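> need coordinates for the below:
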Amino acid sequence: MKRSLMTRGVETLLGWGGSLTGVLLFVALWEWGSLVYGSFLLPGPRDALAALGRLWQEGAAAAVWATAWRAMLGFVLAALVGTALGILAGLSRTLGRALEPVSTVLLGIPPIAWIVLAILWFGSGSLATVYTVMATSLPVSFAGAQMGALTRDRRLQEMADVFAVPPLMRLLDFHLPHIASYVFPALITALGVAWKVAVMAELFATEDGIGAGLAMARVNLDTAAAMAWIVLVVALLLATEHGLLRPLQRRMEPWRQAGQRGK
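Numbering: from 1, shown residues only. As a prediction, the model looks like this:
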């Protein structure tokens with residue numbers, strides 16, 4: 001037991017060490033770019049952190065909260081609806097043929113087009129941002145869930161038929177563990193899309209949030225403030241992914257963690 005805990009601790013430290021190395025490399029390249037192009041075009045990490053401290057004192061927490069709830073509400077709605085429809089489309093060939101063209105069309109529409117339509121339909125405000133996030137994230141979660149359902153093990157299906165396994169048990173015990181391995185990577189991608197689109201929509205449709213802060217930085221030609229807002233968005237995205245989705249993935253896929261420790 002102690003050895004297992006020690007092994008997990010070492011693996012965690014190594015994982016964090018690798019992530020920290022990547023972050024330090026990115027910061028070093030960022031600093032180098034600032035020295036080459038100048039602090040006006042590309043403010044360095046210290047300039048961005050100083051601007052972030054200033055923005056926080058001026059009330060940036062309210063902007064963070066506004067963007068966070070819009071992005072996460074749109075993402076959660078897209079994840080629930082897209083995953084459910086994707087699973088049904090993967091289990092039913094008829095439904096899959098009907099929904100695949102719709103998903104392709106939705107994926108092909110640029111986010112800026114959704115923003116324009118949302119403003120025309122709902123006016124400026126939070127609803128336009130939430131709708132845009134949902135419309136752009138839903139096809140991603142749908143595609144992941146559908147692919148997971150389509151690639152399920154046919155031998156398990158045949159075994160379930162032979163032993164007359166009830167439909168609910170068949171879905172929960174046979175299909176969902178495999179589908180989850182496709183759903184979570186798609187949800188992580190959809191989460192990144194949700195944050196980016198939320199900020200983009202706020203740039204045009206709202207007077208608060210991180211997007212509005214970026215618009216103000218553009219008007220004031222404050223490149224350091226713009227970089228500070230970008231750093232804040234990336235930090236929120238990483239916190240949401242590693243604080244919410246990754247732990248949920250580990251809980252839903254214990255077999256994957258066991259397989260990785262066994263290697």
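> and the spatially closest residue to residue 206 that is not a sequence neighbour, what element?
Counting by Cβ to Cβ, 6 or more residues apart in numbering, residue 206 lies nearest to residue 212, which is 5.8 Å off, once chain neighbours are set aside. Every residue, glycine included, has its C-beta placed from N, CA and C. Using DSSP states H and E, residue 212 falls within helix 210-219.
> just residue 66 next, same as before
helix 60-91.
> now do the helices in this structure.
For the chain, the helices defined by DSSP state H occupy 2-37, 45-57, 60-91, 93-108, 111-122, 126-150, 154-162, 167-169, 176-205, 210-219, 223-240, 246-252, 254-262.
> low-confidence ranges in the stretch 151-263 of the chain?
156-158, 160-165, 171-173, 252-263 (pLDDT under 70).
> could you redo the last one with a cut-off of 80?
152-178, 242, 244, 246-263 (pLDDT under 80).
> for residue 181, give its distance to residue 235.
28 Å (Cβ to Cβ, to the nearest Å).
> out of these two, which sits in the busier spot?
residue 181 (17 against 12; other Cβ atoms under 10 Å).
> and that one, how close does it get to residue 153?
12 Å.
> now for those two: what residues contact both?
By Cβ atoms under 8 Å, 6 or more residues apart in numbering, residue 181 and residue 153 have no common neighbours.
> the helix holding residue 212 to helix 45-57, inter-axis angle?
Counting by axes from the mean of the first three to the mean of the last three Cα atoms, to 10 degrees, helix 210-219 lies at 120 degrees to helix 45-57.
> so which elements touch helix 210-219?
helix 60-91, helix 176-205, helix 223-240 (3 or more Cβ pairs under 8 Å, 6 or more residues apart in numbering; DSSP states H and E).
> touching, the residue nearest to residue 206 and residue 205? I think so.
No. If you go by Cβ atoms under 8 Å, residue 212 and residue 205 don't touch, sitting 9.4 Å apart.
> who has more neighbours, the two?
Taking other Cβ under 10 Å, residue 212 and residue 205 do not tie; residue 205 has more neighbours (25 against 20).
> any idea which of the helices of the chain is most buried?
helix 126-150 (a mean of 25; mean count of other Cβ atoms under 10 Å).
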